[in-house]
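Chemist: sequence and predicted structure below; questions after.
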Amino acid sequence: MKKIAIFLLLISAFFMACETDFEVNASWKEVTVVYGLLDQSQPQQYIKINKAYLGEGDALQMASVADSVNYNPEDLEVKIFKVKDGAFGSIDTLGFVTLYDTILEKDTGLFSTDENIIYTTPSNFFLTNNADEKDYILSIYNKKTKRIVSAKSNLIHELNLDIPPSKPMGFYGIIPNPVVLPLDKSQTTVNWYHAKNGKIYQIIARIYYKDYFYNDTILNYIDWTVHPDPYDGSSEMHYTFEGDVFVNTLATKITNTDITLIARRLSHVELFFTVGSEDLHTYMAVNEPFEGIVQERPVFTNINNGIGLFSCRYNKSHSMSFPSSTREGLAIDLGSLHFIYP
């Protein structure tokens, strides 16, 4: 980890002959900020490249100006090289791809949304010749300043799930007749195998439900996000979804604000698995909120001649159905939210 600290140098005056005026904003220095996560499960790769800024005036106002945070794309040459270790410590280049600038929509906030410039690969060049066994070097060459910013990352190998295709996501047993409250809840466990180079795992369970109106039916969803789980060294991994948490999550995240709603039914769930690298895990850990009097935190970067993060992740999804007992049980427990069965 590279720790970057900014120190204010306090210069004392000797005797009475001293110069008390000084420039708060020192002479301009180029600082490149880079963020990118390689993911061979996706058709394209995206790299965000910005510049740090320092100037006279309101910093928040400068952040809202595109020229303050963006490079002119014509000034940058952005490439990703596929490499492998050669003889005597050398690096053999197996190929490269040039990234081109594009503009993606960005949520409003402090920073400029006029030109959210992203650099992207024209296609996924990772899916050939054992790509996940290679390393990848990001090179950013500024044609104006002749400055090179670089970083290196490997790839996370494919994530293999161990979930039978017909396995449902169930949280209730057989509903008794007559109904006896509270209903007993059950759990569902999903399994997968460790992906090489993966250091942290996260699952988002996207729960879909249908809202019925007089003239329309809308498929909505809420996300049940599982806290990231560091790799524990096991080759076989699992996570257990609890029935009580399932019901409480739906009760908390779904509201009845539309008076025209007639009823809603549980539909299905899609699990989104994300595996992150060791550098990504470190970056997330460093930037987690923490309590205490001292709020200063170390800064993590793996960018040479710049700051930021260039690393890797892997995404995979899996759909599961809900059994009839879970649909019926939810209609009983959350009837106040207009869930019905069948």
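Modeler: Here it is on my side, so go on. Numbering: from 1, shown residues only.
Chemist: and Ser277, how far from Met169?
Modeler: Taken as CB to CB, to the nearest Å, the spacing of Ser277 relative to Met169 amounts to 29 Å. For every residue, glycine as well, the C-beta is placed using N, CA and C.
Chemist: more crowded one of these two?
Modeler: Ser277 (23 against 20; other CB atoms under 10 Å).
Chemist: do I have it right that that one meets Tyr314?
Modeler: No - counting by CB atoms under 8 Å, Tyr314 is not a contact partner of Ser277; they are 9.1 Å apart.
Chemist: name the residues contacting each of those two.
Modeler: With contacts defined as CB atoms under 8 Å, 6 or more residues apart in numbering, the residues adjacent to both Ser277 and Tyr314 are Ile156, Gly198.
Chemist: where does the stretch 51-200 of the chain dip in pLDDT?
Modeler: Within the stretch 51-200 of the chain, the stretches with pLDDT under 70 are 53-68, 86-89, 105-114, 124-129.
Chemist: local confidence estimate at the residue nearest to Gly36 when sequence neighbours are not counted?
Modeler: Closest residue to Gly36 apart from its sequence neighbours, by CB to CB, 6 or more residues apart in numbering: Ile47 at 3.8 Å. Among the per-residue scores, Ile47 holds a pLDDT of 96.
Chemist: start and end of stretch 151-162, how far apart?
Modeler: Terminal residues of stretch 151-162 are spaced 34 Å apart (CA to CA, to the nearest Å).
Chemist: how about stretch 225-239?
Modeler: Start and end residues of stretch 225-239 are separated by 12 Å (CA to CA).
Chemist: residues making contact with it?
Modeler: In this structure, residues lying in contact with stretch 225-239 by CB under 8 Å, 6+ apart are 162, 189-194, 198-205, 276, 281, 284.
Chemist: from what I can see Asn302 touches Leu309, true?
Modeler: Yes - under the criterion of CB under 8 Å, Asn302 is in contact with Leu309, at a separation of 6.3 Å.
Chemist: and those two? which has more neighbours close in?
Modeler: When neighbours are counted by other CB under 10 Å, Leu309 comes out ahead of the other of Asn302 and Leu309, with 23 against 20.
Chemist: looks like Asn142 contacts Lys51 (just checking).
Modeler: No - between Asn142 and Lys51 there is no contact, the gap being 9.7 Å when judged by CB under 8 Å.
Chemist: other SSEs contacting the helix or strand hosting His281?
Modeler: Secondary structure here is read from DSSP states H and E; on that basis His281 sits in helix 278-286. Helices and strands in packing contact with helix 278-286 are listed as strand 200-212, strand 307-321; criterion 3 or more CB pairs under 8 Å, 6 or more residues apart in numbering; DSSP states H and E.
Chemist: out of these, which gets nearest to Asp39?
Modeler: Evaluated over the helices and strands packed on helix 278-286, closeness to Asp39 peaks at strand 307-321, with 5.2 Å, by CB to CB.
Chemist: tell me the strands beside the closest one, with direction?
Modeler: Strands adjacent to strand 307-321 in the sheet, as given by DSSP bridges, are strand 32-38 (parallel), strand 263-276 (antiparallel).
Chemist: can you point out the buried residues in the last one?
Modeler: Buried residues in strand 263-276, defined by neighbour count with 16 or more other CB atoms under 10 Å: Arg264, Arg265, Leu266, His268, Val269, Leu271, Phe273, Thr274, Val275, Gly276.
Chemist: and those residues as a markdown table, adding distance to Val83?
Modeler: Below are the buried residues of strand 263-276 laid out as a markdown table (distance: CB to CB, whole Å):
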| residue | distance to Val83 |
| --- | --- |
| Arg264 | 52 |
| Arg265 | 52 |
| Leu266 | 49 |
| His268 | 42 |
| Val269 | 40 |
| Leu271 | 34 |
| Phe273 | 28 |
| Thr274 | 26 |
| Val275 | 22 |
| Gly276 | 22 |
